[in-house]
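Chemist: No letters, just coordinates:
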């Protein structure tokens with residue numbers, strides 16, 4: 001079984017909370033309450049809109065909310081469905097910012113990654129955390145951790161993507177609705193035996209990135225994305241092939257492509 005994980009959190013939230021708390025103002029609590037209540041509802045609506053002409057709509061569930069971050073999980077049945085879910089999420093982030101953050105120093109940033117469950121990654125049903133006879137499912141494994149490591153490079157107006165997810169998108173018939181940008185390689189603690197991992201961002205192909213001037217000025221990654229054309233399929237496929245070769249040659253690890261809907 002393959003699951004999609006989607007993390008959305010607030011950029012600028014730490015400073016925002018500290019500033020208001022220092023003034024004896026607890027107004028930030030309402031901002032967070034509204035986010036955790038309304039963002040999932042808005043996302044569900046945009047997913048419904050994205051799949052309006054389809055026979056079915058994929059289920060998007062909230063896995064957990066922590067700090068200033070909400071994490072969703074889904075089981076896309078195909079690369080095309082995966083692409084449409086990501087587009088719906090990007091659109092939700094834009095609409096939410098316009099409605100709720102217009103006069104607040106906050107933005108939304110996201111990370112998306114795929115996880116195959118089996119030997120390396122597992123689901124746990126933790127009965128002690130469930131209420132009223134229900135169940136509480138948690139997810140554990142190195143590929144779960146990968147997403148949280150990748151979120152270090154998430155920036156507003158975009159989604160940071162894992163290589164497995166990018167590989168699935170490259171064969172999606174509707175992949176042109178997303179623009180993919182390979183921005184370099186960065187070392188991620190505990191990931192790929194220390195080999196720098198490709199940083200790949202996605203934005204809606206119709207709207208592009210929506211960076212603010214000071215975001216471009218203060219972050220080299222944002223500046224690079226703002227001035228770059230979308231990365232063609234060939235360099236992305238090479239980055240994936242290079243990582244697969246490194247794992248096999250240097251560490252004896254065979255990492256096969258993930259097949260959605262298999």
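Modeler: In hand now; what should we look at? It should be emphasised that the depicted structure is a prediction, and the values quoted were computed from it without experimental measurement.
Chemist: you'd agree residue 73 is up against residue 5?
Modeler: Yes: using C-beta atoms under 8 Å, residue 73 is in contact with residue 5, at 5.5 Å. The C-beta positions use only the backbone N, C-alpha and C, and glycine is treated the same way.
Chemist: where does the stretch 101-250 of the chain dip in pLDDT?
Modeler: 126-135 (pLDDT under 70).
Chemist: let's see it at 50
Modeler: For the stretch 101-250 of the chain, no stretch has pLDDT under 50.
Chemist: And the helices in it?
Modeler: Residue ranges of the helices in the stretch 101-250 of the chain, as given by DSSP state H, counting those that start in this stretch, are 142-150, 163-169, 213-218, 220-227, 233-251.
Chemist: Determine which stretch of those is the most buried.
Modeler: Comparing the helices of the stretch 101-250 of the chain by mean neighbour count (mean count of other C-beta atoms under 10 Å), helix 163-169 ranks first with a mean of 23.
Chemist: How far does that helix sit from its chain's centre?
Modeler: Centre-to-centre, helix 163-169 and its host chain are 12 Å apart (C-alpha atoms, centre = their mean, to the nearest Å).
Chemist: name the helices or strands packed onto that helix?
Modeler: Helix 163-169 sits against helix 79-100, strand 107-116, strand 178-186, strand 197-204, helix 233-251, with contacts defined as 3 or more C-beta pairs under 8 Å, 6 or more residues apart in numbering; DSSP states H and E.
Chemist: a markdown table please, covering the ones you listed and showing distance to residue 63.
Modeler: Shown next, in a markdown table, are these (distance: least, C-beta to C-beta, whole Å):
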| stretch | distance to residue 63 |
| --- | --- |
| helix 79-100 | 14 |
| strand 107-116 | 11 |
| strand 178-186 | 23 |
| strand 197-204 | 21 |
| helix 233-251 | 26 |
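Chemist: Figure out which of the ones you listed is closest to residue 141.
Modeler: For those, the distance to residue 141 is smallest for strand 107-116, at 6.8 Å, taking C-beta to C-beta.
Chemist: Could you check the angle that closest one makes with helix 142-150?
Modeler: 160 degrees (axes from the mean of the first three to the mean of the last three C-alpha atoms, to 10 degrees).
Chemist: thinking residue 122 is in contact with residue 141, fair?
Modeler: Yes: contact criterion C-beta under 8 Å: residue 122 and residue 141 qualify, at 6.0 Å.
Chemist: Of those two, which one has the most company?
Modeler: Per other C-beta atoms under 10 Å, whichever of residue 122 and residue 141 has more neighbours is residue 141, with 16 against 12.
Chemist: Verify the stated contact: the more buried one with residue 118.
Modeler: No: between residue 141 and residue 118 there is no contact under C-beta under 8 Å: 9.2 Å.
Chemist: right, so of the helices of the stretch 101-250 of the chain, which gets closest to residue 83?
Modeler: Across the helices of the stretch 101-250 of the chain, residue 83 has its closest neighbour in helix 163-169 (5.8 Å, C-beta to C-beta).
Chemist: how far away is residue 35 from residue 243?
Modeler: Using C-beta to C-beta, to the nearest Å, one gets 35 Å for the distance from residue 35 to residue 243.
Chemist: ok so, going back, find the residues that touch each one of residue 73 and residue 5.
Modeler: By C-beta atoms under 8 Å, 6 or more residues apart in numbering, residue 73 and residue 5 have these common neighbours: 63, 139.
Chemist: and these two? which has more neighbours close in?
Modeler: residue 5 (22 against 17).
Chemist: give me the beta-bridge partners of that one?
Modeler: residue 73, residue 113 (DSSP bridges).
Chemist: which ones are touching it?
Modeler: Applying C-beta under 8 Å, 6+ apart, the residues near residue 5 are 63, 71-73, 112-115, 139, 144, 147.
Chemist: cutoff 6 Å now
Modeler: By C-beta atoms under 6 Å, 6 or more residues apart in numbering, the residues touching residue 5 are 73, 113, 147.
Chemist: Figure out how far the host helix or strand of residue 65 is from the centre of its chain.
Modeler: Residue 65 belongs to strand 61-66 when elements are defined using DSSP states H and E. Offset of strand 61-66 from its chain centre (C-alpha atoms, centre = their mean): 13 Å.
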